[in-house]
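Chemist: please find the sequence and the predicted model below.
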Amino acid sequence: MEIQRIDLRAFLSETLELLGSVLPDEIIFTCQFVDAPEVEVDPADLRELVTKLVLNACKAFDDGTGEVQLRTGTVA
């Protein structure tokens, strides 16, 4: 495990770009990266988590079409 400080917005954008080739064209992705702070995480663990969440969301659509929204923000 290697904890690093990363720019969450850039990290999520890069991860979704990498996933683009395996995601169905029929599913629309809406990204809203507002107030995405730098975070201290293990990038490999976070990439695995985001990948699994996105793939599971895609599988949840019975007819293979739908919209997945990915948003960031801060909680007070």
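Modeler: Thanks, I have the structure now. Residues are numbered from 1 along each chain as shown.

Chemist: residue ranges with poor pLDDT in this protein?
Modeler: Low-confidence regions of the chain, defined here as pLDDT under 70, do not occur.

Chemist: identify the residue nearest the geometric centre of it.
Modeler: The C-alpha lying nearest the average C-alpha coordinate of the chain belongs to Val50 (CA atoms, centre = their mean; 4.6 Å).

Chemist: ok, that one - contacts?
Modeler: Applying CB atoms under 8 Å, 6 or more residues apart in numbering, one finds that Val50 lies in contact with 12, 15-16. Any C-beta I mention is one placed from the backbone N, CA and C, and that applies to glycine too.

Chemist: Asn56 too?
Modeler: Neighbour list for Asn56: empty [criterion: CB under 8 Å, 6+ apart].

Chemist: wasn't it part of a helix?
Modeler: Yes - under DSSP: H, G, I helix; E, B strand; the rest coil, Asn56 sits within a helix.

Chemist: mind listing residues that contact the helix or strand containing Cys31?
Modeler: Under the assignment given by DSSP states H and E, the secondary-structure element containing Cys31 is strand 27-33. Among residues not part of strand 27-33, those counted as contacts by CB under 8 Å, 6+ apart are 8-9, 12-13, 16, 23, 58, 61, 64-72.

Chemist: pull out the buried residues from the residues you listed.
Modeler: Among the contacts of strand 27-33, those scoring as buried are 8-9, 12, 16, 58, 68, 70 (criterion: 16 or more other CB atoms under 10 Å).
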